[in-house]
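quick check, what structure comes out for this input:
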Amino acid sequence: MGRILSLLYGLAAYAVFLGAFLYAICFVADGIVPKTIDRGDIGSGLQALAIDILLLSIFAVQHSGMARRPFKRWLTRFVPVFIERSTYVLLASLVLILVFWQWRPIPVVIFQAQAPEAAWLLRGLSLSGWFIVLLSTFLINHFELFGLHQVFANLAARTLEASRFRTPFLYKFVRHPIYLGFIIAFWATPLMTIGHLLFACATTAYIFIGIFLEERDLITLYGNNYQQYRSQVGKLIPIRRRSN
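All right, here's what the predicted structure looks like:
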């Protein structure tokens, strides 16, 4: 029964993530959802700015803090190890939903693509960024990344294999294709408002902080293998350097 409940918990966490991810695409693209980056309750400029910065800060602290190895060790003192990842995914998704819910648009236009062809090109580029994000997760095991692999292994009473260092497809050309995809998705827009610019700048800054923290953990985990990989492959720009 405990294994079945853990599986249901993992499935529920994944469903919340999937809903938040799909909403995020529409939120950033100002698409067909009730509230977007440029549509919703509009307060005073300073109030909106303060609220949006606070929301993005909460997400950054939760998302990065819970991903660190010391926090994971602390968390598994209270929850089984096979639902630790699902718990992280669930809480990160809930905080992201909080951002969507409480976001205050600042719809002052900085620039707007006038030609329809340019607007569609930018929308397509943004969608390609989301595609890169999703593809990259499947390249490194999408279901393990979002906790399903762990709960299914627990249901089958299988021991999880130790993580192996791999560089499939996109990872041969850029070390962080997921982050690259997010940057493309956030910055490629036919309508750049102050609110959208704030979102893009804050998330990009967080991405660079996240890369620094993540690579520190990866060096600890994989040692010289990751050090050599880092010296040969670009962080976000697809560059392949020769080994010495």
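
mind checking the longest helix of this structure?
helix 194-222 (DSSP state H).

list the buried ones in that helix?
194-200, 202-203, 206-207, 210, 214-215, 218 (16 or more other Cβ atoms under 10 Å). The way it works is simple: take the backbone N, C-alpha and C, and place the C-beta from them, glycine included.

strands along this structure, start to end?
109-112, 191-193 (DSSP state E).

buried deepest among the ones you listed, which one?
strand 191-193 (a mean of 19; mean count of other Cβ atoms under 10 Å).

just to revisit the earlier point, now the longest helix of the chain, how far from the chain's geometric center?
10 Å (Cα atoms, centre = their mean, to the nearest Å).

tell me the helices and strands packed up against that helix.
helix 45-65, helix 177-187, helix 224-232 (3 or more Cβ pairs under 8 Å, 6 or more residues apart in numbering; DSSP states H and E).

for the first one, buried residues please.
Of the residues in helix 45-65, those buried by neighbour count under the rule 16+ other Cβ under 10 Å are 48-49, 52, 55-56, 59-60, 62-64.

for the chain, name the helix or strand with the lowest mean pLDDT.
Least confident helix or strand of the chain, by mean pLDDT, DSSP states H and E, is helix 69-75 with a mean of 93.

need the contact list for the residue lying closest to L145 once chain neighbours are set aside.
In space, and not counting its chain neighbours, L145 is closest to T137: 5.4 Å by Cβ to Cβ, 6 or more residues apart in numbering. Applying Cβ atoms under 8 Å, 6 or more residues apart in numbering to T137 gives the contacts 145-146, 178.

and T137, how far from I219?
Computed with Cβ to Cβ, to the nearest Å, the distance linking T137 and I219 is 22 Å.

before we move on, the earlier item: out of the helices and strands packed on helix 194-222, flag the one nearest R166.
In terms of Cβ to Cβ, the element of those nearest to R166 is helix 224-232, at 10.0 Å.

contacts for that closest one?
Applying Cβ under 8 Å, 6+ apart, the contact partners of helix 224-232 are 165, 167, 175, 215, 218-219, 240-243.

closest to V89 among these?
Proximity of the contacts of helix 224-232 to V89, judged by Cβ to Cβ, is greatest for L218, which lies at 19.6 Å.

tell me the spacing between that closest one and L46.
Taken as Cβ to Cβ, the span from L218 to L46 is 40 Å.

what's the answer for F152, then?
On the measure of Cβ to Cβ, F152 and L46 end up 49 Å apart.

go on, V79?
For V79 relative to L46 (Cβ to Cβ), the value is 40 Å.

V89 now?
34 Å.

ditto for G223
48 Å.

same check, this time on M66
M66 is 31 Å from L46, by Cβ to Cβ.

and L91, by the same measure?
Counting by Cβ to Cβ, the gap from L91 to L46 is 30 Å.
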